[in-house]
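Engineer: Could you work out the structure for the sequence below:
(4 chains)
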2 protein chains.
Amino acid sequence: MLLAALPAADYERVRPQLEPVALDLGRAIYESGGQQVYVYFPITSIISLLYVMLDGSSAEIAVVGNEGLVGISLFMGGETTPSRAVVQSAGNCYRLRSSVLKAEFVKGGEMQHLLLRYTQALITQIAQTAVCNRHHSVEQQLCRWLLLSLDRLSSNKISMTQELIANMLGVRREGVTEAAGRLHAAGLIEYSRGTITVTDRPRLEAKVCECYAVVKREYDRLLPSVAATA
Amino acid sequence: MLLAALPAADYERVRPQLEPVALDLGRAIYESGGQQVYVYFPITSIISLLYVMLDGSSAEIAVVGNEGLVGISLFMGGETTPSRAVVQSAGNCYRLRSSVLKAEFVKGGEMQHLLLRYTQALITQIAQTAVCNRHHSVEQQLCRWLLLSLDRLSSNKISMTQELIANMLGVRREGVTEAAGRLHAAGLIEYSRGTITVTDRPRLEAKVCECYAVVKREYDRLLPSVAATA
DNA sequence: GGCACAATGTACGCTAGCGTACCGACTACG
DNA sequence: CGTAGTCGGTACGCTAGCGTACATTGTGCC
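Structural biologist: Down below sits the predicted model:
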């Protein structure tokens, strides 16, 4: 968990205020432009940040797992963002009242540094999503998505239908089916009705575009202590 | 200029340290992963943040004009980013020693708030670039790019070859030529060898995808005082 | 067991954009 | 004033991904 990377003194100050919460698959914890009463620190869950267009189609902007938090606009000063946060993988998380986090943030110090470094890592992830969307094939993007998700889970199994993955990536469901079929044929993954299991991660990493590595490198660089606990 | 939105007391403190600098077209003021000795506040210039891939192709991540600054990773704590900053439109800017900005930032207060709100607006721009890259046509993206650039200039004329625009957008030069040809045929723009003039901005705004409006709304919301001076 | 529905597989025509190639026109500079 | 080089226009075949439609196969529930 992100805050666990703090010096004990800082961590202990907010710890009593952290409420464990279970998150069900598909739940929207933030709506675009909505009030943000809590910030969320995923533990075993994964949250997708996505933008939903006027016509209903969507595109994922970033993924947040136990290395981060959902709700950066709070301390960034905007209070809200034009994107939605959806639970991509069920699990638990801590939530913290926005006011508490904000109060801690303005004190400066390690807490602020940590939150800002995380935000910068997130910016890199978003930027690289833009690059990947521009230049890479659906198959490569699926590889990236699988690896980013895997890094945020302890297991090598992801519970998610192809339909939902397609929504995340902003592509057709059939496109995901075909890409997944090819990865399966190549022996990299197994899957069936709502779960995907990565069976050969090294070869998946060999197949993914550079975008994945760029993002991972930045997370490791900016949040070494968090990466270590992942 | 972004800092002009500060209360006079804060502004006056850094003002003597601001050095005016002329920026030539095409100059790279930051390299991916490089040291950042100065942060830049564009006045009449425009800077593109872009990611250059291993194979040399590139994609623009965001545009910065007089509403913002280049070098956020400084106060975000990362010191550097995996992207490059290139002068997209020649002009002048102020530069400020990184150490000075950092010292001001850690004091908290209005300066910090302003920089963070700007950063959040930038995040929205990057996120929307990702969305636009995923879902919209080259023509729509060209419209978005023209409008974003125009907002950051006082004129309605942009000095830039189609080749360079293509690099920014991460598409083929021919794609830009065709899209520009269609916009010209529709009477929205004029152009010749290295300059594009928007002659009918209202109709250009009618043609652009929602991405432009989303970004503009966030800038106006988060930086009202800056938008007013633009 | 069987029914309904959700998840996945497959097929087909269509279009945007790519890669490539080449031409024409403008411009700067000798 | 001519020439080299830059910039823009056009064309052509190719492919990835889209939209659409429909078939198949699990899965949970009555």
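Engineer: Please save the CA atoms from stretch A:117-124 in CSV.
Structural biologist: Written as CSV, here are the backbone C-alpha positions of stretch A:117-124 (Å, rounded to 0.1, in the frame of the first residue of the first chain):
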residue,chain,number,x,y,z
ARG,A,117,6.0,11.4,-6.8
TYR,A,118,3.1,8.9,-7.3
THR,A,119,1.3,11.6,-9.3
GLN,A,120,4.3,12.0,-11.6
ALA,A,121,4.4,8.2,-12.1
LEU,A,122,0.8,8.3,-13.0
ILE,A,123,1.4,11.1,-15.5
THR,A,124,3.9,8.9,-17.2
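Engineer: quick check: longest helix of chain A.
Structural biologist: Scanning chain A for the longest helix, with DSSP state H as the assignment, gives helix A:109-135.
Engineer: can you pull the buried residues of that one?
Structural biologist: A:111-112, A:114-135 (16 or more other Cβ atoms under 10 Å in any protein chain shown). Yep, even glycine has a C-beta here, placed from its N, CA and C like the rest.
Engineer: same deal with stretch A:166-184?
Structural biologist: Buried-residue list, stretch A:166-184, by 16+ other Cβ under 10 Å: A:166, A:167, A:168, A:169, A:170, A:171, A:175, A:176, A:179, A:180, A:183.
Engineer: Just to be sure, residue A:88 is in a helix?
Structural biologist: No. Read with DSSP: H, G, I helix; E, B strand; the rest coil, residue A:88 is strand and lies in no helix.
Engineer: distance of it from residue A:41?
Structural biologist: 15 Å (Cβ to Cβ, to the nearest Å).
Engineer: who's more crowded, these two?
Structural biologist: residue A:88 (30 against 25; other Cβ atoms under 10 Å in any protein chain shown).
Engineer: Name the nearest residue to residue A:124, ignoring sequence neighbours.
Structural biologist: The shortest distance from residue A:124 to any non-neighbouring residue, by Cβ to Cβ, 6 or more residues apart in numbering or on different chains, is to residue A:218 (4.2 Å).
Engineer: tally of neighbours for the one you found?
Structural biologist: For residue A:218, using other Cβ under 10 Å, the count is 23.
Engineer: is whichever strand or helix holds it up against DNA strand D anywhere?
Structural biologist: If you go by DSSP states H and E, residue A:218 is part of helix A:210-222. No. Helix A:210-222 stays clear of DNA strand D (Cβ under 7 Å from any atom of the strand), getting no nearer than 13.5 Å.
Engineer: how far does the longest helix of chain A sit from the chain's center?
Structural biologist: 11 Å (Cα atoms, centre = their mean, to the nearest Å).
Engineer: likewise stretch A:130-146?
Structural biologist: Stretch A:130-146 sits 15 Å away from the centroid of its parent chain (Cα atoms, centre = their mean).
Engineer: before we move on, what about stretch A:205-222?
Structural biologist: The answer for stretch A:205-222 is 14 Å, by Cα atoms, centre = their mean.
Engineer: Likewise for stretch A:205-224?
Structural biologist: 14 Å.
Engineer: tally of neighbours for the closest residue to residue A:24 other than its chain neighbours?
Structural biologist: Computed as Cβ to Cβ, 6+ apart, the closest residue to residue A:24 that is not its neighbour in sequence is residue A:90, at 5.5 Å. For residue A:90, the count of nearby residues is 16 (other Cβ under 10 Å).
Engineer: And the one 10 residues further on, by the same measure?
Structural biologist: Residue A:100: 16 surrounding residues under other Cβ under 10 Å.
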